[in-house]
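Give me coordinates for this.
(one chain, ligands or ions: 1)
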Amino acid sequence: MVIDVKKCLKQGKFNGDFAFDFEPDASDVDIPYVEFSTPVRVKGLFHILEDDSLEVEGEISYTLKGLCSRCLKETEEKVVYAFHEYFTQEENGEDYTCKNGQADLAEVVNDAILLSMPHTLLCKDGCEMIAYHS
Ligand SMILES: [Zn+2]
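Just a heads-up that it's a prediction; the model follows:
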């Protein structure tokens with residue numbers, strides 16, 4: 001999903017919203033035996049600021065499905081992660097940068113997926129390892 005800031009400015013449209021599904025890269029999950037069971041849903045609002053930079057605020061959500069990292073029971077977990085980022089017209093080394101006046105939200109979504117990714121999938125809080133009897 002790309003927001004054409006240049007075009008919005010021309011049309012005098014300074015606010016809007018977005019909602020789309022994003023097909024994640026399976027390799028973003030680094031928990032063994034776990035995979036995405038839904039696409040990543042993205043929704044949020046955008047606002048064009050006085051210096052023509054773009055503010056985007058929203059959240060991503062997705063479900064992970066697989067085996068509990070401790071007891072190996074089938075389980076799934078929904079992950080919700082909020083983002084609030086800026087795209088500037090000129091690169092500033094800190095924010096995202098528009099290319100030809102366009103902001104590519106895929107960059108934000110990819111980073112949000114990596115930041116939100118849990119390190120383990122648990123069937124319940126505090127799940128214990130299987131206790132083997134000796
Ligand atoms: Zn478990």
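
Do a quick rundown of the strands in the protein.
2-4, 15-22, 34-36, 40-48, 54-67, 74-88, 96-97, 102-104 (DSSP state E).

Is it possible to get CSV of these that adds mean pLDDT, mean neighbour count and distance to the ion?
Any C-beta I mention is one placed from the backbone N, CA and C, and that applies to glycine too. Output for the strands of the chain, formatted as CSV (pLDDT from 0 to 100; neighbours: other C-beta atoms under 10 Å; distance: least, C-beta to the ion, whole Å):
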stretch, mean pLDDT, mean neighbour count, distance to the ion
strand 2-4, 97, 16, 41
strand 15-22, 97, 12, 29
strand 34-36, 97, 17, 12
strand 40-48, 98, 18, 25
strand 54-67, 98, 18, 8
strand 74-88, 97, 15, 7
strand 96-97, 98, 18, 38
strand 102-104, 97, 19, 38
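
Relative to residue 111, tell me which of those strands wins on proximity.
strand 74-88 (8.0 Å; C-beta to C-beta).

Sheet partners, orientation included, of the closest one?
Take DSSP bridges as the rule and strand 74-88 pairs in its sheet with strand 54-67 (antiparallel), strand 96-97 (parallel).

Of those strands, which is nearest residue 8?
Of the strands paired with strand 74-88, nearest to residue 8 by C-beta to C-beta is strand 54-67, at 8.5 Å.
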